[in-house]
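J.: Provide a 3D model corresponding to the input given below.
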Amino acid sequence: MTFLTAEQVHRSMQPGESVAFLLRHAERRHITPQDTDHGTHVPLNDRGREQALTAGKELSIFQGSLFVGSSPVFRCCETAALIARSMGNPEFSDPENVAHLQPLAEFYVNDFDAYLHHLTEGFYPAICKWITDGRLAGFVPVKEGSETFLRYILEHSQADVSLFCTHDAWVVPFLSYFTDIRFTPSFWLNFLSGAAILYRPENPLQSAKIYPVKFIGDGFLRF
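T.: Model (predicted):
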């Protein structure tokens, strides 16, 4: 399976289906040791803002009501707001108006101190090991976390089109579990890549179909 464009996802939709997008935020500026709270307030850079606006133009082919939610981290809220603005939706076009969701790390992390250790000592290798083995100290089992995460997304997708912006650390295990997309520390998830979930509102969990979706390049970030 390869990453699809928004247009390809749109062509895959059947009458009566809704769609939810789970995306990594757009490109941010570099996080420095001086940034507090692990870069919680770090904004997008100029290229990231352009990336988000371009993604919004591509997503404007999806018609109907819109819901926009995000991790409370600023770069995610900013990404979501710029996408909504470019889609022509004023309700969510300010980061302050984007719905703050439950911290998404809670679906995958059960020991914050162990998580911070992985964050500082080699995060990408740790994530890949966790996905391959299914378990890792500090993390919820991949299967359990991903299935809980999907239920949460569908429960909060109360519109024809829903958008959720978050971080690579949570999109990568979600995609790895539900699709055959594979990642390595040198072959990672690009900015604004993620998942498109097609579903029927009358039975969302039973009808959900999950596709990898991209807005930059082929969906991968190479190091």
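
J.: Quick one: residues contacting the nearest residue to residue 205 once chain neighbours are set aside.
T.: Nearest non-adjacent residue to residue 205, counting by Cβ to Cβ, 6 or more residues apart in numbering: residue 154, 5.9 Å away. C-beta: built from backbone N, CA, C; applies to glycine. Contacts for residue 154 (Cβ atoms under 8 Å, 6 or more residues apart in numbering) come out as 20, 197, 199, 204, 205, 208.

J.: Which of those residues fall in strands?
T.: Mapping these onto strands (DSSP state E) picks out 20, 197, 199.

J.: Can you tell me the closest non-neighbouring residue to the last one?
T.: It refers to residue 199. Spatially, and ignoring its direct neighbours in sequence, residue 199 is nearest to residue 208 (4.5 Å; Cβ to Cβ, 6+ apart).

J.: tally of neighbours for the one you found?
T.: Residues within reach of residue 208, counting by other Cβ atoms under 10 Å, total 17.

J.: re earlier: for ChimeraX, what selects the buried ones among the contacts of residue 154?
T.: Those of those that count as buried under 16 or more other Cβ atoms under 10 Å are selected in ChimeraX with:
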select :20,197,199,204,208
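
J.: The chain: strands as residue ranges?
T.: Using DSSP E, strands in the chain cover 18-24, 66-70, 99-100, 161-166, 187-189, 194-199, 209-213, 220-222.

J.: what angle sits between the longest one and strand 161-166?
T.: With axes from the mean of the first three to the mean of the last three Cα atoms, to 10 degrees applied, the angle from strand 18-24 to strand 161-166 works out at 20 degrees.

J.: burial measure for residue 44, as a count.
T.: 22.

J.: and it, what is it in contact with?
T.: Contacts of residue 44 (Cβ under 8 Å, 6+ apart): 25, 26, 27, 28, 29, 52, 75, 78, 79, 82.
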